[in-house]
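Engineer: sharing a sequence plus its predicted fold:
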Amino acid sequence: MKRADPSEIPITELHGYLVGAVGPRPIAFASTIDADGKPNLSPFSFFNVFGANPPMAIFSPARRGRDNTTKHTYHNVKAVPEVVINVVTYAMVQQVSVASGEFAEGVDEFAKSGFTPIASEKVRPFRVKESPVQFECVVKQVIETGSGGGAGNLVLCEIVLAHINEDVLDAHGKIDQRKIDLVGRMGGSFYCRAHGDALFELTQPNKDYGVGVDALPASARLSTILTGNDLGRLGSVLTVPDETSVNEYKLTELADLFIQLQDSPEELRKALHAQAQKLLAQGQYEDAWKTL
């Protein structure tokens, strides 16, 4: 594997590896004001939420790697420690890109990008009307991680009020991931859209957890046919089928395969693994276990 030692390579090269590998990253479309009350609007993909009690978000208007200058958003939250974080959807991403331009201090990015500013209730910066979720935040702390180009400036924000467009809610009042149509930042000029076939559901083992991949036969763990995701699906089952049910399955569902390939053990193994993979794709995890 290629080694990338931060102490040996240029900051720009390291930055490329970081943003290329860590993604998709959510985008904080941050609205701030300066000491004179002039608005600023800029997107940041070094961003996430970090707790719900209290509800905390962190984003980083990092120092520019090319010349070590700092961004207007960083100066604004130091002068007026309030911010509105607006989420970014596919319907607004082109305008968000316009707002990311490095305009001169005092230029109104709301006007430049065509977004509609609306008054907040608990903080002074404006919200972006076109964003379906807007978080009014109070800045609790700004942590400078360094003084050189590319260093982060972590803006720790407590969310004091959220505004959620009912159009993105489901029948239970929760945000519908298929309706909100969020956009994430990738490396370089790439973005991704959380929409359609890009979305998938995966049950989380919060209380009931699986037997684990280590419970599988060695031949399955070392299979050249089964993928890592296949092994993960197998490891997620709660119990391993007993010997009786396995033998019954072999005699009823796999008998023809065993007879056909009885003189070719390696071909039989591959055929069984391929059959198990097919069953996994159909959601028949127990039958896949029995096959293996």
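Structural biologist: Yep, it's here.

Engineer: ok now stretch 13-20, how far from the chain's centre?
Structural biologist: Mean-position distance between stretch 13-20 and its chain equals 17 Å (CA atoms, centre = their mean, to the nearest Å).

Engineer: contacts for it?
Structural biologist: Applying CB atoms under 8 Å, 6 or more residues apart in numbering, the external contacts of stretch 13-20 come out as 4, 6, 25, 45, 65, 150, 185-188. All C-beta spots, glycine's among them, are computed from the backbone N, C-alpha and C.

Engineer: again, only this time at 6 Å
Structural biologist: For stretch 13-20, the surrounding residues in contact (CB atoms under 6 Å, 6 or more residues apart in numbering) are 4, 6, 65, 187.

Engineer: now the second one. Nearest residue, chain neighbours left out?
Structural biologist: In space, and not counting its chain neighbours, Pro6 is closest to Leu14: 5.5 Å by CB to CB, 6 or more residues apart in numbering.

Engineer: with the third one instead?
Structural biologist: With CB to CB, 6+ apart as the measure, Gly150 is the residue that lies nearest to Gly65, at 4.0 Å, once sequence neighbours are left out.

Engineer: again, but for the first one
Structural biologist: Nearest non-adjacent residue to Ala4, counting by CB to CB, 6+ apart: Tyr17, 5.4 Å away.

Engineer: what's the end-to-end length of stretch 144-162?
Structural biologist: 27 Å (CA to CA, to the nearest Å).

Engineer: I misspoke; the intended subject was stretch 193-212.
Structural biologist: End-to-end distance for stretch 193-212, by CA to CA: 32 Å.

Engineer: buried residues in it?
Structural biologist: For stretch 193-212, a neighbour-count test (16 or more other CB atoms under 10 Å) marks 194-195, 210 as buried.

Engineer: stretch 126-137 now?
Structural biologist: Buried residues in stretch 126-137, counting neighbours by 16+ other CB under 10 Å, are found at 126-128, 130-137.

Engineer: which pLDDT value goes with the residue nearest to Gly65?
Structural biologist: What the model reports as pLDDT for Gly150 is 90.

Engineer: so it versus Ala79, what's the distance?
Structural biologist: For Gly150, the distance to Ala79 equals 23 Å [CB to CB, to the nearest Å].

Engineer: okay, these two: which has more neighbours?
Structural biologist: Between Gly150 and Ala79, Gly150 has the larger neighbour count (other CB atoms under 10 Å), namely 19 against 12.

Engineer: that one against Ile11, yeah?
Structural biologist: Yes - with contact defined as CB atoms under 6 Å, Gly150 and Ile11 form a contacting pair (4.3 Å).

Engineer: any shared contact partners between the two?
Structural biologist: What both Gly150 and Ile11 touch, as defined by CB under 6 Å, 6+ apart, is the set Gly65.

Engineer: if we can go back for a sec, and the buried residues of stretch 126-137, which two are furthest apart?
Structural biologist: Glu130 and Cys137 (18.7 Å; CB to CB).

Engineer: still on that earlier bit, can you tell me the element the residue nearest to Ala4 falls in?
Structural biologist: Assigned by DSSP states H and E, Tyr17 belongs to helix 11-21.
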